[in-house]
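K.L.:
what's the 3D shape of this:
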Amino acid sequence: MKIDRIDLWHVDVPLPAAFQPAWIPGYIQTANRFTLIRLTTASGLQGWSAGPAMGREREGLGELLGAYLLGERADDLPSIQQRIREMGYLGMRSGWIEPACWDILGKAAGVPVYTLLGGSPGTIGLYASTGELRSAAERAEEVMARIEQGFAAVKLRVNAATLEQDIAHIHEVRARVGDAPALSVDPNQGWRVAVIDDAPCWDLERATHFCTAAAELGYQWVEEPLAFDAYADIAALRRRSQVPLAGGELNRDLAELTVMLERGCYDIYQPDAVMTGGIAQTFEFVRRVEAAKLLYTPHTWTNGIGFAINLQLFAASGSRATQLLEYPYSEPGWIPAARDGLLEQPWHHVRGALALPIAPGLGFSIDRRALARYGTRFYTATRLRVAVRTVLDKGLRTTRSLAQRRQRRLAERSAALDAALRDRTAAQLGLRAASRGC
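P.N.:
Numbering: from 1, shown residues only. Okay, here's the model as predicted:
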């Protein structure tokens, strides 16, 4: 299970048409860009993951990864999480890497990750999640098209300059589509970006008025109507609001998410394991949410690999029985072929539903021809390469000393983990024997 090689790619999948994301007003996106990672163990198992990217901002990430992760055990998740946390101290927010270890664990066990988390096969329902700002007439037409395709619900986007414009928009859409379609709405205030065009910045009063209107119009939830770290205001809004509040997609880790839960911020929590520290931390938070009798359905707007990661968590959750999973879909630019451009099999819905994958690990396979076409490998780490680089940087004697000290730590950690696994196995065998009356 020791990580023996790390590969990183810049990936740039062209979109079939320009896409203008509602969360970055004025920005014209022409490609689905992300950083792809492959972890390879000494036995040859491979785990994949991906983090969304605007460009090549992670160019120096490999220098950290080689030193931090080579030699670590993919099944030692606490140690992996700690190494990733330490990299964060140096400026690299890298929780998206951890799911690659789960991919390895699932493949080693021969089961999907959701099985490791306690889930079972089956089919889940989806809601269509729009991505661009449209006129109310265009949005209503889009909603009806998604309903005709079999989706049970649709999420809208608003982000106009004034409160009155946004309320008029959701009012007109509801009037045009009728009372039957299940609608929710995201004003994208959780992480306001105004790098190109200006974007409104909502306060508690504006959010209150908007939520009042959404409740009167029968919307299912309002998503992130305030900044993601405005905990006190979000909790105050929830006390005022007659429509459920949803959010939590970009909060950094279990600690931040727990603060939101303790403050009573949301009715529906939407952590995205790509953004919120990886699978282990996010699923622990999901357990806490459901223990508090609240709901969970993850944010999935990254790429096909990010969708797969969150699909695994949702499949193992109790909320799966009552909630729908977000399905990013915004024609003509953001469609499955572009969203899932590196996967051999894109995540195609069938009448608004998706059969859970039964392949081991995260449930997808990388299309190697697509990777060769759209990906540029910018870093490969092996123990030899890292050693050579360290020798050139620090000299042979220092490199040898550093390697010995690190190997000692890894060996001690591995021995402790093996002992813990033996103790757990012995305890399980004892319980089985006792249950048989032996």
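
K.L.:
Which positions within stretch 167-186 qualify as buried?
P.N.:
The neighbour-count check on stretch 167-186 (16 or more other Cβ atoms under 10 Å) flags Ile167, His169, Ile170, Val173, Arg174, Val177, Pro181, Ala182, Leu183, Ser184, Val185, Asp186 as buried. Every C-beta, even on glycine, is put in place using the N, C-alpha and C of the backbone.

K.L.:
Which two of those residues have the greatest separation?
P.N.:
The span of these, defined through Cβ to Cβ, is set by Ile167 and Ala182 at 19.3 Å.

K.L.:
Which helix or strand in this structure has the lowest average pLDDT?
P.N.:
helix 396-435 (a mean of 68; mean pLDDT, DSSP states H and E).

K.L.:
Could you export the longest strand anywhere in the chain as CSV, CA atoms only?
P.N.:
Scanning the chain for the longest strand, with DSSP state E as the assignment, gives strand 3-19. Output in CSV follows, covering the C-alpha atoms of strand 3-19 (Å, rounded to 0.1, in the frame of the first residue of the first chain):
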residue,chain,number,x,y,z
ILE,A,3,2.8,5.2,-2.4
ASP,A,4,5.7,4.6,-4.8
ARG,A,5,5.0,7.1,-7.6
ILE,A,6,3.1,10.4,-8.1
ASP,A,7,2.0,11.8,-11.4
LEU,A,8,0.4,15.2,-12.1
TRP,A,9,-1.2,16.6,-15.2
HIS,A,10,-2.7,19.9,-16.3
VAL,A,11,-5.9,19.0,-18.1
ASP,A,12,-7.7,21.3,-20.5
VAL,A,13,-10.9,19.8,-22.1
PRO,A,14,-12.4,22.2,-24.6
LEU,A,15,-16.1,23.0,-24.3
PRO,A,16,-18.4,22.7,-27.3
ALA,A,17,-19.6,26.3,-26.7
ALA,A,18,-18.6,29.2,-24.5
PHE,A,19,-19.9,28.8,-20.9
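
K.L.:
Okay, buried residues for that strand please.
P.N.:
Neighbour-count burial for strand 3-19 [16+ other Cβ under 10 Å]: 3-13, 15, 19.

K.L.:
Can you give me the distance of Arg157 to Ile305?
P.N.:
Applying Cβ to Cβ, to the nearest Å, the value for Arg157 to Ile305 is 23 Å.

K.L.:
what about those two, which has more around it?
P.N.:
Ile305 (28 against 21; other Cβ atoms under 10 Å).

K.L.:
quick one, what contacts His171?
P.N.:
Ala213, Leu217 (Cβ atoms under 8 Å, 6 or more residues apart in numbering).

K.L.:
next one: phi and psi at it?
P.N.:
Per-residue torsions, His171: phi -70, psi -50 (degrees, to the nearest 10).

K.L.:
quick one, domains of this structure?
P.N.:
Annotated domains of the chain cover 3-113+367-424, 115-355 [automatic domain parsing].

K.L.:
In JSON lines, list these along with distance to Gly361.
P.N.:
Converted to JSON lines, the domains of the chain look like this (distance: least, Cβ to Cβ, whole Å):
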{"stretch": "domain 3-113+367-424", "distance to Gly361": "4"}
{"stretch": "domain 115-355", "distance to Gly361": "9"}
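
K.L.:
Can you tell me which of these is most buried?
P.N.:
domain 115-355 (a mean of 19; mean count of other Cβ atoms under 10 Å).

K.L.:
Tabulate the CA atom coordinates of stretch 247-258 in CSV.
P.N.:
Coordinates of each C-alpha in stretch 247-258 appear next as CSV, following Å, rounded to 0.1, in the frame of the first residue of the first chain:
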residue,chain,number,x,y,z
GLY,A,247,-24.8,25.5,1.7
GLY,A,248,-21.3,24.5,2.9
GLU,A,249,-19.7,23.6,-0.5
LEU,A,250,-16.4,25.6,-0.1
ASN,A,251,-15.7,25.4,3.7
ARG,A,252,-12.2,24.1,4.1
ASP,A,253,-12.4,21.1,6.4
LEU,A,254,-14.2,19.2,9.2
ALA,A,255,-13.4,22.0,11.7
GLU,A,256,-15.0,24.7,9.7
LEU,A,257,-18.0,22.6,8.7
THR,A,258,-18.6,21.7,12.4
